[in-house]
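K.L.:
missing the sequence, but the structure's below:
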Ligand code: C2E
Ligand code: MG
Ligand code: MG
């Protein structure tokens, strides 16, 4: 009784099968689950008469294998259950022997492992697929790439590993929210899938980065056709909730054979090449090439280092005094940036400014210069030093839409700085790039009391008509002419010409690079009003300026 109850209620299918194929016992759990009454099992001459035909062959085979071996026999079978669904059963069969050691039949134990199997499948999916876009993730991509490489080596075709990073995605995410960002990623995935062939692989590596594996290419040209199609497909505007978004992709590509390496290196090289594509202006692809990519990478790393330097306050401004050459009085200073590099020491702008040209850091650093200079200017004015301060601003920064507005806001934070104390120097060559735009910004800035100087004047071939249209107050004569003017007639004529020109247009002149007292007096004789140079003072930290001034006022040039 008790044994019967135990057998019937065990959460397993349990049966005993005779050598003739007739069931001598089958428990209630199994009968109920299968929806077959116990009697039907027991009266059947062979149990397969009761089971669906589709599974009888494999069941009989398992029975036979069990009888032929010692120890338990395990198998998995899908069986149709009474609930209308197929369930996966893990069946353990054990041969039963009589006292003489002769087989009399087998015991079957069946456990329902359907849920376990489903769960394992889900885990497998999570481990290998991206949840948002439902395409392979980095792990599965690496696996596919490995297989593709082996295939390629045997078949002799070409394989391209593409590393794809979206341009402008961060902006969408930041301004429109993550939901819109997710929609963009889903749509981009859909477009990539629609563009590549069925045996190619797309994977999402994370964020807005994807990898695409192009297989079975016969020539490198075939690859470029596919890449152009990809770029084209991605760059069409994407509509989300009635709004159009523009994204594009920068793609780095490494080829096998050619870039004859393992899967990891191929992907890494594609990643590096992607940076080159970004640097070359985005919305394009770049084929990996060892030499140029090393250069691009070191440039990229240098830029990252500069961005860090801004955060960790490694930049400083030094100030070079500017004097009225007729009265010898200090009138102001020019702020010149320095990088106080922890290992390399104090670096001049020529050693790092080139690297940020055209990057967002150019504007960020320029903003820092403005803020820092204004703070210093306020300190001087509060200390009773009525100085002018000149700052150097790059043309690109000057041409940003909100330049004058941002400058105004910054000035409002320093009410102690009198109007006309701040002057912006822009390179003559840069100002000529876009005269209407630069003039407009200059006008806006002049309205808030900020003056302008054309720096390195004489190097930019300004024609008289241009000069008339640029509303600047000051021309800074380039130091190359000043340095040469004592022995070079041509340089002397240019300096003379600029001074006359400035006078005719009502502009001030500042001579740069006044290295000696002799030059100083020659310039005064020629009618130049202001001067700056090593002969007067080198650029110095703000703290040193009062001591220099005291010395200069007591005994200039000594
Ligand atoms: P610049 O605006 O024409 O500045 C004059 C440069 O000549 C400075 O070099 C200054 O140190 C140097 N100098 C001054 N007097 C003499 C002299 O008597 N002899 C010689 N040989 N040189 C003299 P620095 O500081 O290396 O700056 C170089 C350039 O870097 C600047 O030329 C300017 O175009 C740029 N720069 C400097 N600071 C900034 C900045 O904060 N922002 C931007 N955008 N550019 C800057
Ligand atoms: Mg300057
Ligand atoms: Mg200059």
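P.N.:
Sure, I can see it. Source: prediction; values computed, not measured. Ligands and ions are numbered 1, 2, ... in the order given.

K.L.:
so what are the domain limits for the protein?
P.N.:
2-118, 129-288, 313-553 (automatic domain parsing).

K.L.:
what's the neighbour count on residue 1?
P.N.:
A count of nearby residues for residue 1, using other Cβ atoms under 10 Å, gives 5. Just so you know, the C-beta spots here come from the backbone N, C-alpha and C atoms, and that holds for glycine as well.

K.L.:
quick one: it from residue 7, how far?
P.N.:
11 Å (Cβ to Cβ, to the nearest Å).

K.L.:
show me where the stretch 151-300 of the chain has helices.
P.N.:
169-176, 178-195, 220-235, 263-279, 290-311 (DSSP state H, counting those that start in this stretch).

K.L.:
for the nearest residue to residue 411 once chain neighbours are set aside, what are its contacts?
P.N.:
Closest residue to residue 411 in three dimensions, ignoring its sequence neighbours and counting by Cβ to Cβ, 6 or more residues apart in numbering: residue 448, at 6.2 Å. Listed by Cβ atoms under 8 Å, 6 or more residues apart in numbering, the contact partners of residue 448 are 404, 407-408, 411, 419.

K.L.:
next: residue 275.
P.N.:
Contacts of residue 275 by Cβ under 8 Å, 6+ apart are 252, 293, 296-297, 300.

K.L.:
can you rerun that using 10 Å?
P.N.:
Residues near residue 275 by Cβ atoms under 10 Å, 6 or more residues apart in numbering: 163, 165, 250, 252, 286, 293, 296-297, 299-300.

K.L.:
from the residues you listed, which single one is nearest ligand 1?
P.N.:
Ligand 1 lies nearest to residue 299 out of these, by Cβ to the nearest ligand atom, at 18.8 Å.

K.L.:
my read: the closest one touches residue 279, true?
P.N.:
Yes. Counting by Cβ atoms under 10 Å, residue 299 touches residue 279, with 7.2 Å between them.

K.L.:
the more surrounded of those two?
P.N.:
Between residue 299 and residue 279, counted using other Cβ under 10 Å, the more crowded position is residue 279 (17 against 14).

K.L.:
the closest residue to that one other than its chain neighbours: how many residues sit nearby?
P.N.:
Once flanking residues are discounted, residue 279 sits nearest to residue 296: 5.8 Å by Cβ to Cβ, 6+ apart. Number of residues near residue 296 (other Cβ under 10 Å) recorded here: 22.

K.L.:
again with residue 242
P.N.:
5.

K.L.:
from residue 180, how far off is it?
P.N.:
Taken as Cβ to Cβ, the span from residue 242 to residue 180 is 11 Å.

K.L.:
one more: residue 94?
P.N.:
In terms of Cβ to Cβ, residue 94 sits 61 Å off from residue 180.

K.L.:
more neighbours, the two?
P.N.:
residue 180 (17 against 13).

K.L.:
and the closest residue to that one other than its chain neighbours, what does it touch?
P.N.:
Leaving aside its chain neighbours, residue 180 sits nearest to residue 240 (5.4 Å; criterion: Cβ to Cβ, 6+ apart). Residues near residue 240 by Cβ under 10 Å, 6+ apart: 172, 176, 179-184, 186-187.

K.L.:
ok, of these, which come out buried?
P.N.:
Among the contacts of residue 240, the ones that count as buried by 16 or more other Cβ atoms under 10 Å are 172, 176, 180-181, 183-184, 187.

K.L.:
nearest to residue 456, of those residues?
P.N.:
residue 172 (40.3 Å; Cβ to Cβ).

K.L.:
the closest one is in contact with residue 237, isn't it?
P.N.:
No. Judged on Cβ under 10 Å, residue 172 makes no contact with residue 237 at a distance of 11.8 Å.

K.L.:
identify the contacts common to those two.
P.N.:
By Cβ under 10 Å, 6+ apart, the residues touching both residue 172 and residue 237 are 243, 245-247.

K.L.:
quick check, nearest of these to ligand 1?
P.N.:
Once Cβ to the nearest ligand atom is applied, the member of the shared contacts of residue 172 and residue 237 that ends up nearest ligand 1 is residue 246, at 30.4 Å.

K.L.:
neighbours of the closest residue to the closest one other than its chain neighbours, how many?
P.N.:
Closest residue to residue 246 apart from its sequence neighbours, by Cβ to Cβ, 6+ apart: residue 237 at 5.5 Å. Neighbour count for residue 237, taken as other Cβ under 10 Å: 10.

K.L.:
likewise for the one 10 residues further on?
P.N.:
Residues lying near residue 247 (other Cβ under 10 Å) number 21.

K.L.:
for it, what are its contacts?
P.N.:
Residue 247 touches 166-169, 171-172, 184-185, 187-188, 208, 234-238, 283, counting by Cβ under 10 Å, 6+ apart.

K.L.:
which of these are buried?
P.N.:
166-169, 172, 184-185, 187-188, 208, 234, 238, 283.

K.L.:
could you find the closest non-adjacent residue to residue 75?
P.N.:
Using Cβ to Cβ, 6+ apart, the nearest residue to residue 75 is residue 62, at 4.5 Å.

K.L.:
three-state assignment of the one you found?
P.N.:
helix (DSSP: H, G, I helix; E, B strand; the rest coil).

K.L.:
return the distance of the helix or strand that contains residue 354 from the chain's centre.
P.N.:
Under the criterion of DSSP states H and E, residue 354 resides in helix 353-356. Distance, stretch centre to chain centre, for helix 353-356: 19 Å (Cα atoms, centre = their mean, to the nearest Å).

K.L.:
same question for stretch 290-310.
P.N.:
Distance, centroid of stretch 290-310 to centroid of chain: 13 Å (Cα atoms, centre = their mean).

K.L.:
so for residue 88, what pLDDT did the model give?
P.N.:
At residue 88, the pLDDT value in this model is 95.

K.L.:
can you report how many residues lie near residue 85?
P.N.:
Residue 85 has 10 nearby residues by other Cβ under 10 Å.

K.L.:
same check on residue 21?
P.N.:
15.

K.L.:
that one is in contact with residue 49, isn't it?
P.N.:
Yes. Using Cβ under 10 Å, residue 21 makes contact with residue 49 at a distance of 9.3 Å.

K.L.:
ok so, going back, highest neighbour count among the contacts of residue 448?
P.N.:
residue 407 (22 neighbours).

K.L.:
now do the one helix or strand that residue maps to: which elements does it pack against?
P.N.:
Element membership for residue 407 (DSSP H and E) is helix 403-412. When contacts are defined as 3 or more Cβ pairs under 10 Å, 6 or more residues apart in numbering; DSSP states H and E, helix 403-412 sits against helix 360-382, helix 395-398, strand 422-427, helix 435-447.

K.L.:
quick check: angle from it to strand 422-427?
P.N.:
150 degrees (axes from the mean of the first three to the mean of the last three Cα atoms, to 10 degrees).

K.L.:
mind listing what the nearest residue to residue 451 once chain neighbours are set aside touches?
P.N.:
Using Cβ to Cβ, 6+ apart and skipping residues adjacent in sequence, the residue nearest residue 451 is residue 423, 4.1 Å away. For residue 423, the contacting residues are 322, 332, 334, 388-391, 445, 450-453, 472-474, 508, 510, by Cβ under 10 Å, 6+ apart.
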